[in-house]
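[1] Provide a 3D model corresponding to the input given below.
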Amino acid sequence: MSLIKVIKALSDETRLRILNLLRYGELCVCEIETILGITQSNVSRHLNRLMYANIVDFYKKAQYVYYRINEDTLKKYSFIRDILENELIKEELYKADLERLRQYRESKLSCDDLRRNKVYFEKESQNLFVEEDKGL
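    I've put the predicted structure just below:
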């Protein structure tokens, strides 16, 4: 791992949004996809860049893969923690992401729920909606 890899990984808004969420605990790709309102392939691509820089790591639980911030990397490059804790909160986009994370966690939805139902945040109100799939 090198400093250049870390800096390059942090130089993207979507990757910073993902890290902003992960600082409050581990999440699966489907959860990040729902909270940020981006595609699964886009989330996976950005997570791969973060893993390549060793900023995040993962573990498997049943059929799902959960991602979390690599604390060893944060200790080695303390500026990452400073960005996450002191800089991102100044931006409205990251505040809105954290509000959606709060709503998602309070909903008690699981990855299985995300798989079976259409779950999304309404664009204007930013409220969480669940359209149950009655076919299952």
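
[2] can you pull out the helices in this protein?
    3-10, 13-22, 29-36, 40-52, 71-76, 78-82, 92-107, 111-116 (DSSP state H).

[3] pLDDT weak spots in the chain?
    1, 134-136 (pLDDT under 70).

[4] dead centre of it: give me the residue that sits there.
    I18 (3.5 Å; C-alpha atoms, centre = their mean).

[5] got the contact list for that residue?
    32, 36, 43, 46-47, 50, 56, 67 (C-beta atoms under 8 Å, 6 or more residues apart in numbering). (Each C-beta comes from the backbone N, C-alpha and C, glycine too.)

[6] just these now: which is nearest K5?
    L50 (10.2 Å; C-beta to C-beta).

[7] skipping its backbone neighbours, what lies nearest that closest one in space?
    V56 (4.3 Å; C-beta to C-beta, 6 or more residues apart in numbering).

[8] thought L19 was touching that neighbour, still the case?
    Yes: counting by C-beta atoms under 8 Å, L19 is a contact partner of V56 at 7.5 Å.

[9] for those two, list the residues in contact with both.
    Contacts common to V56 and L19, judged by C-beta under 8 Å, 6+ apart, are 50, 69.
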